[in-house]
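# Dropping the sequence and predicted coords here.
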Amino acid sequence: MPTSDPLNMWKGLFHLIYIRAKAGAPGSDSALAHAWSEDLRNWRVDKHAFAPRHDGGWDDKKVWAPSIVQVGNLYYMFYTGVDATNDQRIGYATTSLLDTTNTVWQRQSNWVYAANNTGWADSIGSIQLGQQQFRDPWVMP
């Protein structure tokens, strides 16, 4: 059970960040929603917590697979970004306050990890129509 301490950085809440896509629209943009609960039964939701950048960058088309870790007073949200050519890369955004509906994420302008950084992932997209498939980060301190 979370603490009710008002100084607790998690605000005494459980937080769930998840993928939200437009229903019935294959290939549509995906975004991340943020739900929070005091008891894991009753949830409140911000359906538009984090969206694709839409500026031609590495996370221009979709954002997927969030994973959050706290380091000191900063939260790092690692996520998959999909660009206009459907290549997937992993990057992150940070916030000093994991709040409810008004969390402000500072998105990094460049991705940090991609298929061609590994010796085992398909960096040229030979399996999936020339697209790099590299997603679903999971991090821990």
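Done, it's in. Nothing here was measured: the structure is a model prediction, and the numbers come from that model.
# and the residue nearest the centre of the chain, what helix or strand is that in?
Using Cα atoms, centre = their mean, the residue of the chain that lies closest to the mean C-alpha position is Pro66, 3.2 Å off. Element membership for Pro66 (DSSP states H and E) is strand 62-71.
# For that strand, name the packing helices and strands.
Packed against strand 62-71 by the contact rule (3 or more Cβ pairs under 8 Å, 6 or more residues apart in numbering; DSSP states H and E) you find strand 14-21, strand 30-37, strand 74-82. C-beta here means a position set from N, CA and C on the backbone, and glycine is covered the same way.
# Not counting the second one itself, show me its contacts.
It stands for strand 30-37. The contact list for strand 30-37, computed with Cβ atoms under 8 Å, 6 or more residues apart in numbering, reads 11, 13-22, 43-52, 62-64, 66, 79, 100-101, 103.
# which of these are buried?
11, 13, 15, 17, 20, 45-46, 49-50, 52, 62-64, 66, 79, 103 (16 or more other Cβ atoms under 10 Å).
# just to revisit the earlier point, least reliable of the helices and strands packed on strand 62-71 going by mean pLDDT?
Least confident of the helices and strands packed on strand 62-71, judged by mean pLDDT, is strand 14-21 with a mean of 88.
# residues in contact with that strand?
With Cβ under 8 Å, 6+ apart as the criterion, strand 14-21 contacts 2, 28-38, 40, 43, 47, 49-50, 63-66, 68, 77, 98.
# How about stretch 91-110?
Contact partners of stretch 91-110, identified using Cβ under 8 Å, 6+ apart, comprise 9-11, 13, 15, 34, 36, 44, 46, 49-50, 53, 57-59, 68, 70, 73-79, 81, 111-113.
# then it to PDB, C-alphas only?
Output of stretch 91-110 as PDB, limited to C-alpha atoms (Å, rounded to 0.1, in the frame of the first residue of the first chain):
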ATOM      1  CA  GLY A  91      14.900   7.000 -26.200                       C
ATOM      2  CA  TYR A  92      13.800   8.700 -23.000                       C
ATOM      3  CA  ALA A  93      12.100  11.700 -21.400                       C
ATOM      4  CA  THR A  94      12.500  12.900 -17.800                       C
ATOM      5  CA  THR A  95      10.500  14.700 -15.200                       C
ATOM      6  CA  SER A  96      11.200  15.800 -11.700                       C
ATOM      7  CA  LEU A  97       7.500  15.400 -10.600                       C
ATOM      8  CA  LEU A  98       5.500  12.300 -11.500                       C
ATOM      9  CA  ASP A  99       2.200  14.000 -11.000                       C
ATOM     10  CA  THR A 100      -1.300  13.200 -12.200                       C
ATOM     11  CA  THR A 101      -2.800  15.100 -15.100                       C
ATOM     12  CA  ASN A 102      -0.100  17.800 -15.300                       C
ATOM     13  CA  THR A 103       3.200  15.800 -15.500                       C
ATOM     14  CA  VAL A 104       5.600  17.600 -17.800                       C
ATOM     15  CA  TRP A 105       8.100  15.400 -19.600                       C
ATOM     16  CA  GLN A 106      11.300  16.800 -20.900                       C
ATOM     17  CA  ARG A 107      11.800  14.800 -24.100                       C
ATOM     18  CA  GLN A 108      15.300  14.100 -25.300                       C
ATOM     19  CA  SER A 109      15.900  15.200 -28.900                       C
ATOM     20  CA  ASN A 110      17.900  12.100 -29.800                       C
END
